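Visitor: my questions are about this predicted structure, shown below with the sequence.
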Amino acid sequence: MAEYGTIAVIYGSDSSEWEVSCRSGEYTASRIDVTRYDVFEIFARFGRWQLVAFRNRNSMRVPLPEGSRPEIDKTDFSVTLYGKKVKFDYAYIVQHGKPGETGQIQGYLEMLGIPFSSCSSSVSAIAFDKYACKCYLRGEGIVKLAPEVFVREGCDVEEASAKAVAALGLPVFVKPTSAGSSFGMSKVDRAEDLPQAIRFAFREGSTVIVEKGIPGNEFTCAAYTDGGEVKTLPIIQIVTDNEFFDYDAKYNGHSDEICPAPVSEEISSSIQETTAKIYRQLGCSGLVRMDYILASDGLYFLEVNTIPGMTSASLVPKMVRAAGLDITDFLETIIKNS
């Protein structure tokens, strides 16, 4: 395992999730071991990367005011701070959505030979696209997958809607294939509302899936690598009064996230084992979170989050606390095993 001196925490993004990403990044930076590393916080959005704060070992965080934030030198992943050049040894990526979950940031770091916290560029690209990820898992016998219809921008939306209703029935969920935090997502109960829902999803990207609604209870579980072994955290059951676990439920307190989930040991172990199998099948690394619906006929996979939320109220920190782990020690495990 390599030893690092300087860690860059990259947050912000080019997607609708950029504000959540900032909260996740600031929390992560604040919990990285202050006795071991110099930590630098980089706000990256639409190609402009700026140093917004730093914290030297055993020192307080120093925020940098707007107008005096140095630009990151992307040629070698460094910054000049107070006349001194600092090269970053390691990147902790906390960019939700594009480019942090699409594999673009990972590809850049791979070309420079800079180690980082998440999945590789190729795995990130597959995992972030909901349709591609389902295709990758289909036929493996690991978990059930809800039937879906794939729709590309530029098609006849009315025709695609009719095809989806005929194939899937109602209700359905309409999802951008490449978006998180439920942006662009809708539940549709009436056929006449489906074209509008598809057009709404296209605001987040050029491809959409219409997925058969599966009634059941929603669960989530995180996995990571420690010493070459895939480990999982306690599962969470998500209960919301909203129609589904949408942005409002996730970030405005309209849900109960029960951890550990109030289910039998058999169900809990099954979800954890499934998560570890998918982690290995996709070739994941670092910390990922996977979401499921437990229906009467079994466990259905929803999606994988290769850069899960890391605010103080996010799901993974809740799992870490439920496991009796210290968040700083947990982040150290992620860093050391990247």
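Guide: Noted; the coordinates are in hand. Given the structure is predicted, the values throughout are model-derived calculations rather than measurements.

Visitor: hey, let's count contacts and neighbours off CA atoms from now on
Guide: Noted.

Visitor: now do the longest helix seen in the chain: distance to the chain's middle.
Guide: When the chain is parsed with DSSP state H, its longest helix is helix 265-282. Relative to the mean C-alpha coordinate of its chain, helix 265-282 is positioned 18 Å out (Cα atoms, centre = their mean, to the nearest Å).

Visitor: how about that helix: buried residues?
Guide: Along helix 265-282, these residues count as buried under the neighbour rule (16 or more other Cα atoms under 10 Å): S268, I271, Q272, E273, T274, T275, A276, K277, I278, Y279, L282.

Visitor: tell me which residues touch the second one, please.
Guide: I271 makes contacts with C221, I235, L299, as judged by Cα atoms under 8 Å, 6 or more residues apart in numbering.

Visitor: lowest-confidence helix or strand of the chain?
Guide: Across the helices and strands of the chain, mean pLDDT, DSSP states H and E gives its lowest value to helix 247-251, namely a mean of 48.

Visitor: next helix or strand past it?
Guide: Counting by DSSP states H and E, the next helix or strand C-terminal to helix 247-251 is strand 255-258.

Visitor: need the buried residues of helix 265-282 in TSV (columns: distance to K134 and pLDDT).
Guide: Rendered in TSV, the data for the buried residues of helix 265-282 read as follows (distance: Cα to Cα, whole Å; pLDDT from 0 to 100):
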residue	distance to K134	pLDDT
S268	22	98
I271	17	98
Q272	19	98
E273	18	98
T274	14	98
T275	14	98
A276	16	98
K277	14	98
I278	11	98
Y279	13	98
L282	11	97
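
Visitor: state the mean pLDDT of stretch 46-53.
Guide: For stretch 46-53, the per-residue pLDDT values average out at 97.

Visitor: can you give me phi and psi for V263?
Guide: Per-residue torsions, V263: phi -130, psi 170 (degrees, to the nearest 10).

Visitor: looks like A125 contacts G100 (just checking).
Guide: No - counting by Cα atoms under 8 Å, G100 is not a contact partner of A125; they are 9.7 Å apart.

Visitor: and I327, how many neighbours does it have?
Guide: Residues lying near I327 (other Cα atoms under 10 Å) number 18.

Visitor: which pLDDT value goes with it?
Guide: 98.

Visitor: now do the one 10 residues further on
Guide: On pLDDT, N337 comes in at 96.

Visitor: is it true that it touches Y224?
Guide: No - with contact taken as Cα under 8 Å, N337 and Y224 are classed as non-touching, separated by 9.0 Å.

Visitor: any common contacting residues for those two?
Guide: Residues touching both N337 and Y224 comprise G286, with contact defined as Cα under 8 Å, 6+ apart.

Visitor: more crowded one of those two?
Guide: Under the criterion of other Cα under 10 Å, the comparison of N337 against Y224 puts Y224 first, with 23 against 19.

Visitor: so the more buried one, which of the three states?
Guide: The three-state assignment at Y224 reads strand, by DSSP: H, G, I helix; E, B strand; the rest coil.

Visitor: likewise E211?
Guide: Under three-state DSSP, E211 comes out as strand.

Visitor: who does it form a beta bridge with?
Guide: Judged by DSSP bridges, the bridge partners of E211 are E148, F173.

Visitor: give me the low-pLDDT residue ranges for this protein?
Guide: Low-confidence segments of the chain, defined by pLDDT under 70, span residues 1-2, 179-182, 242-254.
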